[in-house]
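Undergrad: take this sequence and fold it.
(chains A and B)
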Amino acid sequence: MMPVGETLLGQIRAVYLGRATDEEILKRKVASGGAVTAMLTYALEKDIIDGVVTAKRTKGLEGEAVVARTKEELLETAGNRWSIVPFAARIKAKIEEEDLKRVAVVCLPCQAQFFGQMRDFPILETDFGNRIKYIVSLFCMGTFAFEAFLNYLRVKYGVRAEEIEDIKLSGDFLEIHRETGVLAIPLKEAFSYLQTGCLVCSDYTGVWSDVSAGFVESEPGWTVLITRNQRGEELVRGAEREGYLELRDGSHVLGDVLKGAREKLARAQKNMAQLL
Amino acid sequence: MVMEKLKVLHVDIGGCEGCNVSIIRAYPKLMDSVELDISYLRDGECKYDEYDVALITGGVCMNEPRIGEELKEIREKAKVVVAFGSCASLGGILRFCRGGQAPRPDHRNFQPINSVIEVDYSIPGCPPTPQMLQSFFKYFMAGNETRLKLFKVTAGVKKLSGFDLIDDVVLTGLCIGCGACELSCPTGAIKLIDKRPTLAQERCIRCGTCYIRCPRASQIICLGGVKT
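TA: Below is the predicted model:
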């Protein structure tokens, strides 16, 4: 039999359910329990890292790579993006401009793969893997081909890009938040507008990361944290020890995560057979 | 208990010497676990009849039958053969030799070593960094095949370059616009325009770094979806 744990969820050291202890983090539009924001706040405030490189939504579904050095800056980046930010080259420029020696990167599985490979196997003299202290990957079902997605929203629902304030996932629906109200779109319908490249991706959790974070329906308000190595474990446990993070054992939700991973792999295999 | 050192042979079959310098730079940190038999550090023949790993650098000159023979001999001597650097693993810049060029005007056909012998791992890079070799041995000695999978599958591929990246990932619509290729290109041949890579053909040296650094392409070759 195929070693499922190894191929679908990668190397696992421990699984936790985490929640920020800080009210302010919980109040903001965090995706689930705010554990990622809490962990990184801990790493910043205890001077374990110099900065966090992540994406911030600018307008509509567009985002840009930013460096957060404080809790406040970090909070501004929390929330979903739904489109990929061409992060890699931008990140290098940011790290060099701001002379960051120890950074945490919050990214999607594909980007975690790239950064993880760069850290483990530096092919180029210009690689900056040695500056990447933590790679935190978010669970991902894909990013939108946003031109097509926005066009679909405009044609079918009359929603203009500039009206969109936020997009959230709620059960089987995608909620489009606008000033005038919330529009719920069946997820199945929206999934047709994912980037084709995402449809052949088989990595749901980000197997190259130190910590994977995401949420499962059965534990609302909590972030699932999968630690993969000593570094990841230190980040999560350190944040708990210093009172930034509340932790529970999360091994009972691993089945739910595996379900998502299986769906993504099955989709990748189906699409790959069609596309390649 | 003293762990026996890995017997490693290095052979250069022709190239710019960048990879060799990289191996020598990597050696101080490998000395505790690896005994490197490298022509620069000895006179005459190879030290042993058998090796755990053979590192081969440079591309095969197909106009020189002697090199093909040498490679076959190395294959017999070593349990594991590693193509180190883009020329050995994918042909690299030597693919552009046209004959009649200085400084070796007589040679015009260079291929990666997997055109001649079976290769176990291919490590592209022009040249790969010393740390890359240290990492390779770290995971190799730990038996971590998951981490080394990408280099194992690359050993079965004869060419990967910016051209292949455009063909396999951009033209098929599979590019997700992450920018990893742009960052990985050592010659600045790739630029992202409207979140998709474009290739300045004359700058591509066929080192394959962009291809194996592309999250989509590397995932696809690891899942077996690439031409060999």
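Undergrad: residues from chain B in reach of chain A?
TA: Of all the residues in chain B, those in contact range of chain A (Cβ under 8 Å from any Cβ of the partner chain) are B:123-125, B:128-129, B:131-132, B:135-136, B:139, B:146-147, B:150-151, B:169, B:172-180, B:182-184, B:186, B:192, B:195, B:209, B:212-213, B:215-216, B:218-220, B:223, B:225. Just so you know, the C-beta spots here come from the backbone N, C-alpha and C atoms, and that holds for glycine as well.
Undergrad: which of those residues are buried?
TA: Restricting the residues of chain B next to chain A to buried positions leaves B:123-125, B:128-129, B:131-132, B:135-136, B:139, B:147, B:150-151, B:169, B:172, B:174-180, B:182-184, B:186, B:192, B:195, B:209, B:212-213, B:215-216, B:218-220, B:223, B:225, with burial counted as 16 or more other Cβ atoms under 10 Å in any protein chain shown.
Undergrad: let's see which of these end up in strands.
TA: Judged by DSSP state E, strands contain the following of those: B:123, B:192.
Undergrad: what is the helix or strand of chain B with the lowest mean pLDDT packed up against?
TA: Within chain B, judged by mean pLDDT, DSSP states H and E, the helix or strand with the poorest mean is helix B:215-222; its value is a mean of 88. In terms of contacts (3 or more Cβ pairs under 8 Å, 6 or more residues apart in numbering or on different chains; DSSP states H and E), helix B:215-222 is packed against helix A:109-120, helix B:145-154, helix B:209-213.
Undergrad: which of those is buried the deepest?
TA: Mean neighbour count, computed with mean count of other Cβ atoms under 10 Å in any protein chain shown, is highest for helix B:209-213 among the helices and strands packed on helix B:215-222, reaching a mean of 28.
Undergrad: show me what it is packed against.
TA: Counting contacts by 3+ Cβ pairs under 8 Å, 6+ apart, helix B:209-213 is packed against helix A:109-120, helix B:162-165, helix B:180-184, helix B:215-222.
Undergrad: those helices into CSV, with extra columns for distance to residue A:215?
TA: What follows is those, written out as CSV (distance: least, Cβ to Cβ, whole Å):
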stretch, distance to residue A:215
helix A:109-120, 15
helix B:162-165, 34
helix B:180-184, 27
helix B:215-222, 23
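Undergrad: least reliable of those by average pLDDT, please.
TA: When the helices and strands packed on helix B:209-213 are compared on average pLDDT, helix B:215-222 comes out lowest at a mean of 88.
Undergrad: re the thing from before, turn the helices and strands packed on helix B:215-222 into JSON lines, columns for distance to residue A:247.
TA: Compiled in JSON lines, the helices and strands packed on helix B:215-222 are given as follows (distance: least, Cβ to Cβ, whole Å):
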{"stretch": "helix A:109-120", "distance to residue A:247": "22"}
{"stretch": "helix B:145-154", "distance to residue A:247": "27"}
{"stretch": "helix B:209-213", "distance to residue A:247": "35"}
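Undergrad: among these, which is nearest residue B:100?
TA: Taking Cβ to Cβ as the measure, the helices and strands packed on helix B:215-222 were each checked against residue B:100, and helix B:209-213 came out nearest at 28.7 Å.
Undergrad: how far off centre is the closest one?
TA: 12 Å (Cα atoms, centre = their mean, to the nearest Å).
Undergrad: contacts only, for residue A:198.
TA: The contact partners of residue A:198, by Cβ atoms under 8 Å, 6 or more residues apart in numbering or on different chains, come to A:140, A:141, A:142, A:143, B:176.
Undergrad: the host helix or strand of residue B:197 pairs with which strands?
TA: Taking DSSP states H and E as the definition, one finds residue B:197 inside strand B:196-199. Strands that pair with strand B:196-199, judged by DSSP bridges, come out as strand B:190-193 (antiparallel).
Undergrad: tell me the mean pLDDT over the strand it pairs with?
TA: Per-residue confidence for strand B:190-193 averages out to 92 on the pLDDT scale.
Undergrad: for residue 26, give me phi and psi.
TA: Since no chain was named, I'll use chain A. In terms of degrees, to the nearest 10, the main-chain angles of residue A:26 are phi -70, psi -30.
Undergrad: please tell me how far stretch A:21-36 is from the chain's geometric centre.
TA: Taking Cα atoms, centre = their mean, the mean C-alpha location of stretch A:21-36 is offset from the chain mean by 15 Å.
Undergrad: and residue A:222, what does it touch?
TA: Remark: with contacts taken as Cβ under 8 Å, 6+ apart, residue A:222 is in contact with A:17, A:18, A:19, A:32, A:33, A:35, A:215, A:248, A:250.
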